[in-house]
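Peer 1: How does the following fold in three dimensions:
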Amino acid sequence: MGWGITMEVNFILDFLNSILLQIPGISKGPLGSVDPMIKGMIPSALGIVGIAIGLNLFNAVIRKKMVDQDKLRRLMKETRAWQKERMAAFRAKDQDKINEINKKSAYMNKMNMELMQMNMRPMMITFIPLMLIFYFVLPPLFAYTVAISPISLNFIPGDMFQLTCTAEKVAESALPDHPHVCHHVNEIYFWAWYFLSSIAFSGIIMRVTRTTMDLS
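Peer 2: Okay, here's the model as predicted:
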């Protein structure tokens with residue numbers, strides 16, 4: 001159960017980071033280089049995995065310094081217990097119990113807000129370095145795409161959060177005066193590969209650094 005909570009919170013925070021990285025107007029075009037310093041998909045993919053691990057370690061250190069881990073776990077344990085008790089009362093259709101539990105709703109909402117603030121505060125500190133790295137350090141180092149997926153990873157509708165190249169992007173890249181971003185369908189953009197790598201390792205790093213939200 002605790003691992004699920006950890007992964008859920010990690011995913012939300014990394015998703016927010018990745019969405020913010022796509023703010024229109026910050027970048028003049030796709031992130032990456034047509035002539036990167038690090039060449040080849042395998043070195044690029046491994047390099048970004050290393051960067052994702054390093055940034056996650058940086059985030060974990062900041063989190064450990066800024067967040068009272070004991071208080072965080074206590075608040076999460078209390079809110080989790082309240083939610084579990086509330087769901088049990090609803091399933092049993094025990095109206096008296098529901099009314100009794102609902103009396104604590106305002107208090108629990110306050111606790112949930114405090115939890116959100118505790119989780120978001122470190123991200124507000126680490127986001128600026130992340131932005132600087134993504135827009136000034138990584139683009140010259142890596143190509144626009146650094147890996148290939150066997151399937152499309154564009155599960156979210158629209159063009160805002162595409163992880164892999166589409167056939168349309170491949171055709172567009174072949175046009176004159178267009179950056180040669182996508183060469184094959186389902187190539188993974190380098191920022192998307194960072195996002196996936198970060199999700200994969202963040203839970204492990206939080207456990208190693210004891211900044212996990214595991215309640216077990």
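
Peer 1: how deep is residue 89 tucked in, by neighbour count?
Peer 2: Residues near residue 89, counting by other Cβ atoms under 10 Å, number 18. (Each C-beta comes from the backbone N, C-alpha and C, glycine too.)

Peer 1: same thing with residue 165?
Peer 2: 26.

Peer 1: any idea how far residue 194 is from it?
Peer 2: Distance of residue 165 to residue 194, given as Cβ to Cβ, to the nearest Å: 16 Å.

Peer 1: Repeat that for residue 105.
Peer 2: For residue 105, the distance to residue 194 - Cβ to Cβ - is 39 Å.

Peer 1: can you check residue 63 too?
Peer 2: From residue 63 to residue 194 the distance is 19 Å (Cβ to Cβ).

Peer 1: Which of those two has more residues huddled nearby?
Peer 2: residue 194 (27 against 22).

Peer 1: the helices in this structure, which residues?
Peer 2: Ranges of helices in the chain, per DSSP state H, are 2-21, 41-66, 69-92, 95-102, 105-132, 138-141, 167-173, 190-208.

Peer 1: Flag whichever of those helices has the least confidence on average.
Peer 2: Lowest mean pLDDT within these: helix 2-21, at a mean of 47.

Peer 1: so who does residue 85 touch?
Peer 2: If you count contacts by Cβ atoms under 8 Å, 6 or more residues apart in numbering, residue 85 has them with residue 101.

Peer 1: go on, the one 4 residues further on?
Peer 2: Residues touching residue 89, when contacts are defined by Cβ under 8 Å, 6+ apart, comprise 97, 98, 101.

Peer 1: for residue 210, same thing?
Peer 2: Residue 210 neighbours (Cβ under 8 Å, 6+ apart): 64, 69.

Peer 1: any idea how far it is from residue 105?
Peer 2: Distance, residue 210 to residue 105, using Cβ to Cβ: 32 Å.

Peer 1: Also residue 59?
Peer 2: Taking Cβ to Cβ, one finds residue 59 at 32 Å from residue 105.

Peer 1: quick one, which of the two is more surrounded?
Peer 2: Here residue 59 and residue 105 are compared on neighbour count by other Cβ under 10 Å; more neighbours surround residue 59, at 27 against 11.
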